[in-house]
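Participant: structure here, sequence nowhere to be found:
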């Protein structure tokens, strides 16, 4: 999402780092470029003004001017101010009860119903909560049925649909059911609206006053830019919003909504939607987002994602085989599938530091995200014997495997060559005495593994 902003800021910082000392004119020029970069990213003008003023005030201080590395100090100041702009620390969901009540609000088309299901799944799987979902949307045809289907997909209970009931009646029935049947959390999905209309706002206020929610979350589409900020401000003033969920953060928007939302509304961003899957809802971490924007990577999120996806038993099994210098095609397929589960090569690369600088080279190299799927299909077309012992795959077998996987013989050859190279590396590691010893002999000084 922040690709354009990352590139612009990266250019500014690269120029600053090349200078041994910074004058006030150097800082002023950098601030002008940062201001333009933020405005081009669709950040609200008042937010840009206050942000640049705060950075400029600190960047022209003695701590920067007299610093040994003034360019690095400016980067640190911008990083710190970005974290503050995005909320400082991640704001956890606050649920009282039981039952804890979450009121989901937002405009139509913002992804509110799907987000409700994602949140229910997160609470059920991550916190072992018993969740009841109820749709108060009597405006949109089949909205209640949609929520019922999504609830079934994530494995939580949805309130039975009663034709003709109005939102306030549905909300009261949901609360009675939750108390009677011992649910931990109630998620109320309210009707989306095309704009901030008085009648629908009044209806929402009546529901809010009746159920007294512990959390009132506004679901906003990050692709709508500054319109999302205007909507958030309206909802905040009239309803009272305790948190914001930004959807479609994996899209190609310029990112201005995310950078403006916290400062304009005063409400923290609590979650972000990062994909269409019902598991694609992440806690919003201001410091991690600031690091991504400045191309410093997000190793913590990468580690968390790996921990959630990787099968520990399978990983240990592969590790034991690697220690013995063995790595067959079945092991390779397992690794490829784990890469896919973690968001593909693009998703993983986006969390690594400094990747922004090589995105152009990656694009020129035509890195194909679909290649992983083709490689898994090729391995699926092999017999168990062929996966264990690729040496038996001669010309006629390669033709059969290519036909069975819908690929070409060249694709099969490429996969076998890649596996052979990986296997050779494993053997060299074994001869070197293990992974750490191998790395210590082959990596440049300063990048050795920890002892």
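Facilitator: Cool, got the structure. Everything quoted here is computed from the prediction, not taken from an experiment.

Participant: so where do the strands sit in the stretch 1-150 of the chain?
Facilitator: 100-106, 131-135 (DSSP state E, counting those that start in this stretch).

Participant: quick one: low-confidence parts of the stretch 301-450 of the chain?
Facilitator: 301-326, 339-370, 426-450 (pLDDT under 70).

Participant: go with 80
Facilitator: Applying pLDDT under 80 to the stretch 301-450 of the chain flags the ranges 301-328, 331-373, 421-450.

Participant: so what are the domain limits for the chain?
Facilitator: Structurally, the chain divides into domains by automatic domain parsing as follows: 3-85, 100-295, 302-442.

Participant: looking at those, which is closest to residue 91?
Facilitator: For residue 91, the closest of the domains of the chain is domain 100-295, at 3.7 Å, according to CB to CB. From N, CA and C alone the C-beta is placed, and that goes for glycine too.

Participant: mind checking pLDDT for residue 159?
Facilitator: Residue 159 carries a pLDDT value of 91.

Participant: how about it: what's its closest non-neighbour residue?
Facilitator: residue 134 (3.9 Å; CB to CB, 6 or more residues apart in numbering).

Participant: how many neighbours does the one you found have?
Facilitator: When neighbours are defined as other CB atoms under 10 Å, residue 134 has 28 of them.

Participant: what pLDDT is listed against it?
Facilitator: pLDDT at residue 134 comes out at 92.

Participant: measure it to residue 398 for me?
Facilitator: 56 Å (CB to CB, to the nearest Å).

Participant: re the thing from before, most tightly surrounded among the strands of the stretch 1-150 of the chain?
Facilitator: Compared across the strands of the stretch 1-150 of the chain, strand 131-135 shows the largest average neighbour count, a mean of 27 (mean count of other CB atoms under 10 Å).

Participant: partner strands of that one, with direction?
Facilitator: Paired with strand 131-135 in the same sheet, following DSSP bridges, are strand 157-158 (parallel), strand 185-189 (parallel).

Participant: including mean neighbour count, could these go into JSON lines?
Facilitator: Formatted as JSON lines, the strands paired with strand 131-135 follow (neighbours: other CB atoms under 10 Å):
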{"stretch": "strand 157-158", "mean neighbour count": "20"}
{"stretch": "strand 185-189", "mean neighbour count": "28"}
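
Participant: among those, which comes closest to residue 31?
Facilitator: strand 185-189 (43.8 Å).

Participant: quick one: the closest one to strand 100-106, angle?
Facilitator: Strand 185-189 runs at 20 degrees relative to strand 100-106, counting by axes from the mean of the first three to the mean of the last three CA atoms, to 10 degrees.

Participant: what sits up against strand 185-189?
Facilitator: 95, 97-104, 112-113, 116, 119-120, 123, 129-137, 143, 147, 171, 174-175, 178, 207, 211, 213 (CB atoms under 8 Å, 6 or more residues apart in numbering).

Participant: cutoff 6 Å now
Facilitator: Outside of strand 185-189, the residues within contact range by CB atoms under 6 Å, 6 or more residues apart in numbering are 99-104, 113, 116, 120, 123, 129, 131-136, 147, 171, 174, 178.

Participant: also stretch 382-402?
Facilitator: Contacts of stretch 382-402 (CB under 6 Å, 6+ apart): 328-330, 381, 408-409, 412, 416.

Participant: give me the element the nearest residue to residue 337 once chain neighbours are set aside is part of.
Facilitator: Nearest non-adjacent residue to residue 337, counting by CB to CB, 6+ apart: residue 376, 6.2 Å away. Using DSSP states H and E, residue 376 sits in helix 371-380.

Participant: need the next SSE after that helix, C-terminal direction.
Facilitator: helix 384-388.

Participant: just checking, residue 96 touches residue 214?
Facilitator: Yes: if you go by CB atoms under 6 Å, residue 96 and residue 214 touch, sitting 4.8 Å apart.

Participant: between the two, which one's more packed in?
Facilitator: Between residue 96 and residue 214, counted using other CB under 10 Å, the more crowded position is residue 214 (18 against 11).

Participant: dihedrals phi and psi, residue 128?
Facilitator: phi 60, psi 40 (degrees, to the nearest 10).

Participant: what about it, neighbour count?
Facilitator: By other CB under 10 Å, the residues close to residue 128 number 8.

Participant: could I get the pLDDT score of it?
Facilitator: Reported pLDDT at residue 128 in the predicted model: 90.

Participant: before we move on, what about the one 3 residues further on?
Facilitator: At residue 131, the pLDDT value in this model is 92.

Participant: so who does it touch?
Facilitator: Going by CB under 6 Å, 6+ apart, residue 131 touches 120, 123-124, 156, 185.

Participant: 7 Å instead, please
Facilitator: Applying CB atoms under 7 Å, 6 or more residues apart in numbering, we find residue 131 in contact with 120, 123-124, 156, 183-185, 187.

Participant: which one of those residues is nearest residue 288?
Facilitator: residue 123 (21.6 Å).

Participant: so for this structure, the centremost residue is which one?
Facilitator: Centrality entry for the chain: nearest residue to the mean C-alpha point is residue 274, 4.4 Å, by CA atoms, centre = their mean.

Participant: quick one, longest helix in this structure?
Facilitator: Longest helix in the chain, counting residues (DSSP state H): helix 409-432.

Participant: the strands of the stretch 1-150 of the chain: which one's closest to residue 282?
Facilitator: strand 100-106 (17.1 Å).

Participant: run the chain-centre distance for the closest one.
Facilitator: Distance of strand 100-106 from its chain centroid, counting by CA atoms, centre = their mean, to the nearest Å, is 22 Å.

Participant: so where does the residue of the chain most remote from its centre fall, helix or strand?
Facilitator: The C-alpha centroid of the chain is most remote from residue 396, which lies 44.3 Å away (CA atoms, centre = their mean). Residue 396 belongs to helix 395-405 when assigned by DSSP H and E.
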